[in-house]
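Undergrad: What follows is a predicted structure for the sequence shown.
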2 protein chains.
Amino acid sequence: MEYVYSDRVKNLGGNAIREIFKLLQDPEVISFAGGFPTKSTLPTKLISEITEKLMSSSEAQDILQYGETEGYRPLRYTAIDYVKRYGIENIDIDNTLIISGGQQGIDLTFKSFVNKGDVVLMEDPTYLASLHILKTYEGVPIGVKSGDDGLDINDLEEKIKKYNPKVLYIVPTFSNPTGRTYSIENRKAIAKLTAKYNVIVLEDDPYSELRFSGERVPSIKSFDEVGNVIYITSFSKTLAPGLRTGIAIGAKEVIRKMTIGKQATDVHTCLLSQAIINYFLNNYSINERLEDLKKVYLEKKTAMIDAIKKYMPKEFNYTNPDGGLFIFGEFDSSLNIDTFKIFPELVKKYKVAYVSGHSFFASEDKFNTLRLNYSNATLEQIDDGICKMGKFFKEILANQNK
Amino acid sequence: MEYVYSDRVKNLGGNAIREIFKLLQDPEVISFAGGFPTKSTLPTKLISEITEKLMSSSEAQDILQYGETEGYRPLRYTAIDYVKRYGIENIDIDNTLIISGGQQGIDLTFKSFVNKGDVVLMEDPTYLASLHILKTYEGVPIGVKSGDDGLDINDLEEKIKKYNPKVLYIVPTFSNPTGRTYSIENRKAIAKLTAKYNVIVLEDDPYSELRFSGERVPSIKSFDEVGNVIYITSFSKTLAPGLRTGIAIGAKEVIRKMTIGKQATDVHTCLLSQAIINYFLNNYSINERLEDLKKVYLEKKTAMIDAIKKYMPKEFNYTNPDGGLFIFGEFDSSLNIDTFKIFPELVKKYKVAYVSGHSFFASEDKFNTLRLNYSNATLEQIDDGICKMGKFFKEILANQNK
């Protein structure tokens, strides 16, 4: 049978990272691809303990029953309090929606606002899944320039005027892939400008709890005066990605539309996951857990930075973030290194993997970049893997100079 | 701020049933709306026991980590064996996709095949969420006539020729809302005809395990010779809806497209749910559980049929299904009863709820129909609620005759 697919998917390949995962079934491969939390930090005893308590409580059967699309009510109430840590105040339960992982928040936002051909602005480079999701709505991604401080506000205004975008999608804290964090001034300017032009801001914030150094910065949502910012966070990086649970905060009317969109897909997020997270937030100290996590992550990041200094060619420039999961690297553009083209050779020859940086760009195609994740490898693997990568790139550069 | 929503959601209200749930927060209301499993059958001890075992196993941390979009591999292997009970043979793991409840299977199918303006054929009446989901893809539902034996094959062929539909969506076993089951001959004819005309069949089968009487009928998928049938089932009715887990079976190429669509929404289904279900299927007897469930459901259905006979006006015609969760009722069309219009009055006056049947129709608007669920009320509530409903409708009929 010849299948006639919809326009939205007919030319759509898999999300680059999800596809890499499948290449990496070989357990010998050291993977700096992906954004997996450190496996050893995943709280098996905690989940078992909490589940036992939930399943022997008086509401056990309600947790196994169908629930409301908006989410498990106790968790929605808990969320109101939880997001105060991001500076988000003065909301009630109707401003909250429990989502099946942060990524579903992106999907529901685009579903609610993006028609075929509509422009979504994104930092360039950006989280590649957002580009993939946007394709399923036949939207058009346009990159906005950025620097160490955050988005280039002049470029943002110019592009808003030029493209009349529906949404601005950003990861302003420990951005994926760059690890960059926008300054407070930049956040205020983004909130003000997008309000002026009626642009929805989708503030994706999965990483801000993983800060090893520097000061916390309030969310852009906390500067939202007109209700144009949708804030999403997730428990994938702080508790367990396998539970697929996150929170979206937005104007009531917007949350309502997103809820109707969610009714049309998974009805509601796994109630057991929601109840586990709610119990955890109310009966344990998330801050204690975060302290433990951050020690592990800082140690790994430091190991990777040290290894890069030691092994990588000097033409490799890289970020050194205060938190999150990623280092973003870039070779001098004069060198003509295509990290996408040579990736299979690296995996085959040295059994090491990264994600080629070009997958993260909305408008540009920077093939001289790559993203390294440090959370999913051991300290030994980090040293070993970066050593091999260094050898590999030095060989390539040596061949170029012949 | 004035929000400019996408065309797909701007005029979209909530799914009728999901909205009714919110009306029914009042614990005094006896609800025959919804399709909730009987709460007392939800296996809290089992879930606790299994979770403890999983979380102390060697793969505990993998279950809390990110997983593959296609699903938890052990469950996909188990699924190959599991669907043999529906007559589905000769498949391998690439024919399987684990979904976040059966409803996500509908979403991913429409996402993969339906462009704006494309026709999807459906039995009239049909599962109302499929109509809701189709709206989010701006597809056009067209009803196909049906009788006790299943779809009207002549009408199906005529409509295929006339509308060139992308998909035929059906619930052929204990159909929601009618409770009807298509005969083997009808299933074979549907498989043959849709193969001839290259129409994708989406066979939604959440209820077939809940059969109290009569013979099992093989799935339409089991008669699929060209790979045009997508089969979906779910553990919502057999284990626990709160876990949001189901299985889709289809041609490899189609499953691949659906997987790419799923990458763009929830990444993967809750891994804890998937692992619980896999453990259950491999270490417990689902058939034993089903025997227990069916006793409960048959008792409730019998109680509702008895109550209808006893209390409802004789002008009320109704189905008496061999399984599933629903009875579908219809008043003589001469009576001019609008079940949608009078619903709020019934809830207010007698605190009883049904779902007005018109919500289930793709093409017709039969306001003289209603759907009754018997699984979510106690035997006492069934008697009491139908008694009140009977009183209510008799009052209405008496007023009409004045």
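TA: Received, thanks.
Undergrad: could you say what helices and strands the helix or strand containing A:I342 packs with?
TA: Using DSSP states H and E, the secondary-structure element containing A:I342 is helix A:339-350. With contacts defined as 3 or more C-beta pairs under 8 Å, 6 or more residues apart in numbering or on different chains; DSSP states H and E, the packing partners of helix A:339-350 are strand A:352-353, strand A:355-356, helix A:379-401. For the C-beta atoms, the positions are set from N, CA and C on the backbone; glycine is no exception.
Undergrad: Go through that helix and flag the buried ones.
TA: Neighbour-count burial for helix A:339-350, with 16 or more other C-beta atoms under 10 Å in any protein chain shown as criterion, is recorded at A:339-340, A:342-343, A:346-347, A:350.
Undergrad: Just give the number of residues close to A:S56.
TA: The criterion is other C-beta atoms under 10 Å in any protein chain shown. On that basis, A:S56 has 11 neighbouring residues.
Undergrad: Relative to B:L346, how far out is it?
TA: Shown here: A:S56 relative to B:L346, a distance of 38 Å by C-beta to C-beta, to the nearest Å.
Undergrad: A:V226 too?
TA: In this structure, A:V226 lies at 42 Å from B:L346, with C-beta to C-beta as the measure.
Undergrad: In JSON lines: the helices and strands packed on helix A:339-350, plus distance to B:P37 and mean pLDDT.
TA: Conversion of the helices and strands packed on helix A:339-350 to JSON lines gives the following (distance: least, C-beta to C-beta, whole Å; pLDDT from 0 to 100):
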{"stretch": "strand A:352-353", "distance to B:P37": "44", "mean pLDDT": "94"}
{"stretch": "strand A:355-356", "distance to B:P37": "43", "mean pLDDT": "92"}
{"stretch": "helix A:379-401", "distance to B:P37": "46", "mean pLDDT": "94"}
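Undergrad: Relative to B:E89, which of these is closest?
TA: Proximity to B:E89, assessed across the helices and strands packed on helix A:339-350 by C-beta to C-beta, is greatest for strand A:352-353 (37.8 Å).
Undergrad: on that earlier part again, nearest to chain B, of the helices and strands packed on helix A:339-350?
TA: Go through the helices and strands packed on helix A:339-350 one by one with C-beta to the nearest C-beta and the one that ends up closest to chain B is strand A:355-356, at 14.3 Å.
Undergrad: Would you mind measuring the gap between the ends of stretch A:369-382?
TA: Start to finish, the residues bounding stretch A:369-382 are 19 Å apart (C-alpha to C-alpha, to the nearest Å).
Undergrad: swap that for stretch A:308-322, please
TA: From the first residue to the last, stretch A:308-322 extends over 17 Å; the measure is C-alpha to C-alpha.
Undergrad: Pull the residues that contact that stretch.
TA: In this structure, residues lying in contact with stretch A:308-322 by C-beta atoms under 8 Å, 6 or more residues apart in numbering or on different chains are A:174, A:178-181, A:211-214, A:301, A:305, A:327-332, A:335, A:372, A:386-387, A:389-391, A:393-394, A:397.
Undergrad: likewise stretch A:340-351?
TA: Judged by C-beta under 8 Å, 6+ apart, the contacts made with stretch A:340-351 from elsewhere in the structure are A:23-24, A:26, A:28-30, A:352-354, A:356, A:358-359, A:367, A:388-389, A:391-392, A:396.
Undergrad: and these, which are buried?
TA: Using 16+ other C-beta under 10 Å as the burial test, the contacts of stretch A:340-351 include A:24, A:29-30, A:352-354, A:356, A:358-359, A:367, A:388-389, A:391-392, A:396 as buried.
Undergrad: Next, count neighbours for the nearest residue to A:F393 once chain neighbours are set aside.
TA: The shortest distance from A:F393 to any residue that is not its chain neighbour, by C-beta to C-beta, 6 or more residues apart in numbering or on different chains, is 5.4 Å, and that residue is A:P313. By other C-beta under 10 Å, the residues close to A:P313 number 18.
Undergrad: Okay, and A:P313 sits in which element?
TA: When secondary structure is defined by DSSP H and E, A:P313 falls outside every helix and strand.
Undergrad: can you pull the pLDDT of it?
TA: The predicted structure scores A:P313 at 96 on the pLDDT scale.
Undergrad: next one: A:F361
TA: The predicted structure scores A:F361 at 90 on the pLDDT scale.
Undergrad: how close does it get to chain B?
TA: According to C-beta to the nearest C-beta, to the nearest Å, A:F361 and chain B sit 18 Å apart.
Undergrad: so what's that residue up against?
TA: Contacts here follow C-beta under 8 Å, 6+ apart; on that basis A:F361 touches A:124-126, A:143.
Undergrad: Need the phi and psi values for it.
TA: Main-chain dihedrals, A:F361, degrees, to the nearest 10: phi -90, psi 130.
Undergrad: hey, which helix or strand in chain A has the poorest pLDDT?
TA: Ranked by mean pLDDT, DSSP states H and E, the helix or strand of chain A with the weakest confidence is helix A:16-23, at a mean of 67.
Undergrad: now the next helix or strand after it: mean pLDDT?
TA: Counting by DSSP H and E, the element after helix A:16-23 in chain order, helix or strand, is strand A:30-31. Summarised as a single mean, pLDDT over strand A:30-31 is 93.
Undergrad: which neighbours does strand A:30-31 have in its sheet, and in what orientation?
TA: Sheet pairing for strand A:30-31, assigned by DSSP bridges, gives strand A:352-353 (parallel).
Undergrad: picking up where we left off before, can you redo the buried residues of helix A:339-350 as JSON lines with pLDDT?
TA: Putting these into JSON lines (pLDDT from 0 to 100) gives the following:
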{"residue": "A:T339", "pLDDT": "94"}
{"residue": "A:F340", "pLDDT": "91"}
{"residue": "A:I342", "pLDDT": "92"}
{"residue": "A:F343", "pLDDT": "91"}
{"residue": "A:L346", "pLDDT": "93"}
{"residue": "A:V347", "pLDDT": "91"}
{"residue": "A:Y350", "pLDDT": "94"}
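Undergrad: So which residues on the stretch 151-300 of chain A come close to chain B?
TA: With the criterion set to C-beta under 8 Å from any C-beta of the partner chain, the stretch 151-300 of chain A comes near chain B through A:166, A:195, A:198, A:200, A:226-228, A:236, A:240-244, A:251, A:253-254, A:257, A:259-261, A:263-273.
Undergrad: ok, for the residue in the stretch 301-402 of chain A that chain B sits nearest to, nearest residue in space, not its chain neighbours?
TA: Relative to chain B, the nearest point of the stretch 301-402 of chain A is A:N376 (9.1 Å; C-beta to the nearest C-beta). In this structure, A:N376 finds its nearest non-sequential neighbour in A:F36, 4.1 Å apart by C-beta to C-beta, 6+ apart.
Undergrad: For the buried residues of helix A:339-350, which two are the farthest from each other?
TA: So for the buried residues of helix A:339-350, where distance means C-beta to C-beta, the most widely separated pair is A:F340 and A:Y350, at 16.6 Å.
Undergrad: which stretches of chain A form helices?
TA: With DSSP state H as the definition, chain A shows helices at residue ranges A:7-10, A:16-23, A:44-55, A:60-64, A:73-82, A:102-113, A:128-136, A:153-163, A:184-196, A:252-263, A:271-283, A:286-311, A:339-350, A:379-401.
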